[in-house]
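1. what would the 3D arrangement of this be:
(one chain, ligands or ions: 1)
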Amino acid sequence: MTRIVHGAGASPFVRKVRVALAEKGLEYDLEPVFPFNPSPEFKKISPLGKIPVYQEDDYYLPDSSAILDYLEVKYPNPPLFPKDARERGHALFLEEFADGGLATKGTAAIFFQRVVGPRFMGHPTDEAIVTKAINEDLPPLQDYLEGLLAAGGEFLVGSKFSIADIAVATQFVNLAHARYTVDAGRWPKLAAYLTRIFARPTFAKLIEEERAMFGG
Ligand SMILES: N[C@@H](CCC(=O)N[C@@H](CS)C(=O)NCC(=O)O)C(=O)O
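-> Residues are numbered from 1 along each chain as shown. Next up, the predicted model:
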């Protein structure tokens, strides 16, 4: 069985898939793809031109959310989706909160402006976009996460590590690469939670690999 993740290590969505594979103990290869201006060949396996695409032999599946669901059904142990209906519903909402909220309001602004633009696309950082994200857009999202952790839980949903933790923490990895860290004075539970999740072997290995790439 050939397992390949097509994508760039710096993408939070690629990291989501890589962490899920590692949590499930599955070996894979990473096939580097830079997403902007994808080749016609890549568009055949990713109709929207986005990374990641997951490949198992002749089966290709784009989209990190679809991929995590596929992995969960095919490789149920250890589970990354809660079994309880309400917990599962909430975990899937948090995946969307991260992919559609943190990613667009935080990562797309800060990581893109500070890292992708200057390093890979030849345009300077627009500080106004970064400042707005840090001062206006991210704080309410971080308040919500702080509230979820207020009861002292180790993870975002229930008592187990889940897709919610993967989806949320992967966005904060990109923010950290872009020199944004959660203010532990204002969001103490969230800051401590992220330190814990980043220290998990499946996250720590990728963060170390990526730091070497970003020279951080
Ligand atoms: N919903 C997709 C989002 C993937 C995504 O936005 N990937 C970005 C890189 S982080 C991308 O490929 N962007 C290129 C583009 O939008 O053309 C997923 O979860 O996989």
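
2. give the contact list for the most centrally placed residue in the chain.
-> For the chain, residue 170 is the residue whose C-alpha lies nearest the centre (C-alpha atoms, centre = their mean; 2.9 Å). By C-beta atoms under 8 Å, 6 or more residues apart in numbering, the contact list for residue 170 reads 12, 13, 15, 16, 19, 98. The way it works is simple: take the backbone N, C-alpha and C, and place the C-beta from them, glycine included.

3. looking at those residues, which is nearest residue 207?
-> residue 15 (8.9 Å; C-beta to C-beta).

4. I'd guess that closest one is in a strand, am I close?
-> No. Applying DSSP: H, G, I helix; E, B strand; the rest coil, one finds residue 15 to be helix, outside a strand.

5. neighbours around it, how many?
-> 27 (other C-beta atoms under 10 Å).

6. residue contacts, it?
-> 9, 170, 173, 206.

7. coming back round to it: tell me which element the residue nearest to the centre of the chain falls in.
-> Per DSSP states H and E: residue 170 is located in helix 163-177.

8. so is that helix next to the ligand?
-> No. Interface with the ligand: helix 163-177 contributes nothing (C-beta under 6 Å from any ligand atom), its closest point being 8.4 Å away.

9. CA atoms only for that helix, dumped as PDB, please.
-> Provided in PDB are the C-alpha atoms of helix 163-177 (Å, rounded to 0.1, in the frame of the first residue of the first chain):
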ATOM      1  CA  ILE A 163      -9.900  16.200  15.500                       C
ATOM      2  CA  ALA A 164     -10.800  19.500  17.300                       C
ATOM      3  CA  ASP A 165      -7.400  19.700  18.900                       C
ATOM      4  CA  ILE A 166      -5.600  18.900  15.600                       C
ATOM      5  CA  ALA A 167      -7.600  21.400  13.600                       C
ATOM      6  CA  VAL A 168      -7.200  24.300  16.200                       C
ATOM      7  CA  ALA A 169      -3.600  23.700  17.200                       C
ATOM      8  CA  THR A 170      -2.400  23.400  13.600                       C
ATOM      9  CA  GLN A 171      -3.500  27.000  12.900                       C
ATOM     10  CA  PHE A 172      -1.600  28.200  15.900                       C
ATOM     11  CA  VAL A 173       1.600  26.400  14.700                       C
ATOM     12  CA  ASN A 174       1.500  28.600  11.600                       C
ATOM     13  CA  LEU A 175       0.900  31.700  13.800                       C
ATOM     14  CA  ALA A 176       4.000  30.700  15.900                       C
ATOM     15  CA  HIS A 177       6.100  30.300  12.700                       C
END
